[in-house]
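**Student:** Next input, structure requested:
(chains A and B)
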Amino acid sequence: MTAVSTVMETDTIGSSAGYDVAAIRADFPAINLEINGYPHAFLDSGASAQKPNQVLERMDQAYRSEYANVHRGAYTLSQLATDNYENARTTVAKFMNAKTPDEIIFTRNVTAAINLVAYSYGREFLSAGDEIIISHMEHHANIVPWQLLRDAIGIEIKIAPIDDAGNFLVDEFEKLLNPKTKLVAITQVSNVLGTIVPIKDVVRLAHAQGAHVLIDGAQGIVHEGVDVQDLDADFYAFTGHKLYGPTGIGVLWGKLDLLNSMPPYQGGGDMIENVTFEKTTYRDAPARFEAGTPPIVEAVGLAAAIDYVSEIGLTNIAAHEQNVLAYATEQLSAIEDLTIIGQADNKAGIISFMLGDIHSHDIGTIIDARGVAVRAGHHCAQPLMDRYGVAATARASLGMYSNTTDIDQLVDALNYVKEIFG
Amino acid sequence: MEDDIRELYQEVILDHGKNPRNFRHPEDATCEANGNNPLCGDRLTVFVKVGEDQSIEDAAFEGRGCAISVASASMMTDIVRGKKVTEVDALFDTFHKMCMGEEIGETPAEFEDDLDKLIVLSGVKQFPMRVKCATLAWHTMNAAVHGEAATSTE
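**Tutor:** Predicted coordinates for the structure are as follows:
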């Protein structure tokens, strides 16, 4: 295939009408790097996305000329930094359609958000014999915090099954619900299989049993977005760095009454109303859950990322990714010995695969020499790997800047792997 | 970069990776250990039969991993047979340096043949993320003969 025909293909197959993937790629410095003498085919956005200039420049400005600690000083820069930080909260609230910015708690990432819920909500509202339900395709971040809670207070963890294609089985999930079920903690999109979980059904069924629902939106916020009022879950967690924003900032959204009925997770500055050595009283959400100096500039960067994504439109991004996903699925399926793991009816831009009996780490190392970046390993989802009887897979995950040229480069590189392994 | 790839994935490594030697569980092993690379999920169990004179009478392994880790385990279990435990310790030390791209200094004459074979694995020095693949089996062997039940390359 010539370079010219590749470009034309990108313009026609890989793009939705009006979606200018070339202009988007131009905004991302890391996407335009040369890696080992090849164009950078970055297909690991599911682990962490690259950042556009708009985010990098906004954060640079925030550090250079708008920086001080928040919520403390009575001086110009502190006021400016505080305004920026609280405006970022408002941006996030609008992005998720939260009722009020007070429902937005800034955390370090999804892991920190889920641990917050497991510790604070879990110890306040759950007790021995209560049950929580997670799915078979959860990330370790939505498994281990619940196991820690189980070991501490004696709850039971039930696993909602999937079928071989990776579909979430709503009927089987419904059978697990019972009056002892107090919480359902489910991913919106599987980070390994790409499965889009019907979370509205999950919320409806769980609520009918009186259980609360936490949605792990780490992948979902990027590929699907969320309207928390329409979804009506009780908690929703996502992270900034997968949404083209900085690391070190995540979001826990919760219904305000529920958040204000939960005890603090960590104690410290900023979260208190009044402290004496005898007794301390706490502020309401979100301050109650933001002890200590928060990730100030990271919040500003996250807001810039949300502005960037919103301007292009999550729906447009999702449509573009679906086109590239369809192309990638077709091209990869055509490779002899390649098996795609996760073929659910409703999928986001994530493709896990096996190439014969070649280990994914060998694949990862070899295709890196051709400028292609994929994730290799168990993807922090070992129980799911066990479900498929594999130790590891290679995973290509798409971002808003992914195009069919990336996929062509991946396919060429995989053929190079096969050549080496004979 | 592609030269480095070719150097790493040499025919002999691919052969050991596809057809590992000593891939079995000897009933008469006197010690064993599990090696785990939690980052990638690779797991090996190394079985060793150590004689009364502290020499290795048999070595074998089971498990799953990438081509590099399986090839390394395969070659190692061939090479250590007949050696004293103390000699294996010294060989591991030299091999580890080789994988890290460090100076290995003067090699004892009796190791020369072994190191000539193991040098095919030294291609990992160009790939820092993969050094632990080449050394997992050796760490596990080390744990087995020195009485630890498990080891991890993290």
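**Student:** tell me the contacts of whatever residue of chain B ends up closest to chain A?
**Tutor:** Residue nearest to chain A within chain B: B:C66 (3.7 Å; CB to the nearest CB). (Each C-beta comes from the backbone N, C-alpha and C, glycine too.) Residues near B:C66 by CB atoms under 8 Å, 6 or more residues apart in numbering or on different chains: A:359-362, B:17, B:40, B:42, B:130, B:133.
**Student:** Let's see that with 10 Å instead.
**Tutor:** Applying CB atoms under 10 Å, 6 or more residues apart in numbering or on different chains to B:C66 gives the contacts A:358-365, A:376, A:391-392, B:17, B:37, B:40, B:42, B:72, B:130, B:133-134, B:136.
**Student:** Check A:A376 too.
**Tutor:** A:44, A:359-365, A:367-368, A:392-395, B:39-41, B:66, B:129.
**Student:** pLDDT at residue 43, what is it?
**Tutor:** Because you didn't say which chain, this covers chain A. pLDDT for A:L43: 98.
**Student:** think we crossed wires, I meant chain B
**Tutor:** So B:R43 comes in at 89 (pLDDT).
**Student:** before we move on, what SS does the nearest residue to it once chain neighbours are set aside have?
**Tutor:** Distances taken as CB to CB, 6 or more residues apart in numbering or on different chains place B:G63 nearest to B:R43, at 4.9 Å, with adjacent residues excluded. With DSSP: H, G, I helix; E, B strand; the rest coil as the basis, B:G63 sits in strand.
**Student:** about what we covered before: PyMOL command to pick out the buried ones of the contacts of B:C66?
**Tutor:** In PyMOL, this line selects whichever of the contacts of B:C66 come out buried by 16 or more other CB atoms under 10 Å in any protein chain shown:
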select buried, (chain A and resi 358+359+360+361+362+363+364+365+376+391+392) or (chain B and resi 17+37+40+42+72+130+133+134+136)
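**Student:** lowest average confidence, helix or strand, in chain A?
**Tutor:** In chain A, the helix or strand scored least confidently by mean pLDDT, DSSP states H and E is helix A:3-12, which has a mean of 38.
**Student:** next structured bit after that one?
**Tutor:** Moving toward the C-terminus from helix A:3-12, the next helix or strand (DSSP states H and E) is helix A:21-26.
**Student:** Those residues of chain B touching chain A, which are they?
**Tutor:** B:1-6, B:8-11, B:13-15, B:17-18, B:37-43, B:63-70, B:124, B:126-127, B:129-130, B:133 (CB under 10 Å from any CB of the partner chain).
**Student:** what's near enough to touch residue 97?
**Tutor:** I'll assume chain A. A:225-231, A:253.
**Student:** ah, no, chain B please
**Tutor:** Taking CB under 10 Å, 6+ apart, one finds B:103-105, B:122, B:125 in contact with B:K97.
**Student:** A:Y244 versus the residue in chain A that chain B sits nearest to, what's the distance?
**Tutor:** Relative to chain B, the nearest point of chain A is A:H359 (3.7 Å; CB to the nearest CB). For A:H359, the distance to A:Y244 (CB to CB, to the nearest Å) stands at 31 Å.
**Student:** just A:K180 next, same as before
**Tutor:** 41 Å.
**Student:** now swap in B:V50 and tell me
**Tutor:** Relative to A:Y244, and taking CB to CB, B:V50 is found at 56 Å.
**Student:** Kindly report the same for A:Y327.
**Tutor:** A:Y327 is 22 Å from A:Y244, by CB to CB.
**Student:** out of these two, which sits in the more crowded spot?
**Tutor:** More crowded of A:Y327 and A:Y244, by other CB atoms under 10 Å in any protein chain shown: A:Y244, with 27 against 20.
**Student:** hmm, back to that, pull the most distant pair out of the contacts of B:K97.
**Tutor:** Farthest pair in the contacts of B:K97 (CB to CB) is B:G105 and B:K125. Separation: 16.1 Å.
**Student:** Looking at the two, which has the bigger crowd around it?
**Tutor:** Using other CB under 10 Å as the criterion, B:G105 and B:K125 rank with B:K125 on top: 19 against 7.
**Student:** And the more buried one, what's its pLDDT?
**Tutor:** B:K125 is given a pLDDT of 91.
**Student:** I'd say it and B:I104 touch.
**Tutor:** No. Using CB atoms under 10 Å, B:K125 makes no contact with B:I104, being 11.5 Å away.
**Student:** Next, show the common contact partners of the two.
**Tutor:** B:97-98.
**Student:** bridging residues for A:I159?
**Tutor:** Bridge pairing for A:I159 (DSSP bridges) gives the partners A:I134.
**Student:** Please give me every residue in contact with it.
**Tutor:** So A:I159 contacts A:133-138, A:143, A:172-173, A:176, A:383, A:387 (CB under 10 Å, 6+ apart).
**Student:** Compare the residues you listed and tell me which is most surrounded.
**Tutor:** Counting neighbours by other CB under 10 Å, A:M137 comes out on top of the contacts of A:I159 with 28 neighbours.
**Student:** Please name the nearest non-neighbouring residue to that residue.
**Tutor:** A:S190 (4.3 Å).
**Student:** do B:T94 as well
**Tutor:** Here the residue nearest B:T94, using CB to CB, 6+ apart, is B:I104, at 5.2 Å.
**Student:** The one you found in helix, strand or coil?
**Tutor:** coil.
**Student:** In stretch B:139-146, which of the residues would be classed as buried?
**Tutor:** B:139-145.
**Student:** Correct me if wrong: the residue nearest to B:T94 contacts B:D93.
**Tutor:** Yes. Using CB under 10 Å, B:I104 is in contact with B:D93, at 9.0 Å.
**Student:** Between the two, point out the one with more neighbours.
**Tutor:** A count of neighbours by other CB under 10 Å puts B:I104 above the other of B:I104 and B:D93, at 16 against 13.
**Student:** Tell me the pLDDT of the more buried one.
**Tutor:** 82.
**Student:** Residues of chain A that sit close to chain B?
**Tutor:** Checking chain A against chain B by CB under 10 Å from any CB, the hits are A:35-38, A:357-371, A:376-379, A:382, A:385-386, A:390-392, A:416-417, A:420-422.
**Student:** The residues you listed in strands, which ones?
**Tutor:** A:35, A:38, A:376-377 (DSSP state E).
**Student:** how about JSON lines for those residues, with distance to A:N115 added?
**Tutor:** Output for these, formatted as JSON lines (distance: CB to CB, whole Å):
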{"residue": "A:I35", "distance to A:N115": "35"}
{"residue": "A:Y38", "distance to A:N115": "40"}
{"residue": "A:A376", "distance to A:N115": "27"}
{"residue": "A:G377", "distance to A:N115": "22"}
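**Student:** could you dump the residues you listed to JSON lines with pLDDT?
**Tutor:** Below are those laid out as JSON lines (pLDDT from 0 to 100):
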{"residue": "A:I35", "pLDDT": "96"}
{"residue": "A:Y38", "pLDDT": "97"}
{"residue": "A:A376", "pLDDT": "93"}
{"residue": "A:G377", "pLDDT": "88"}
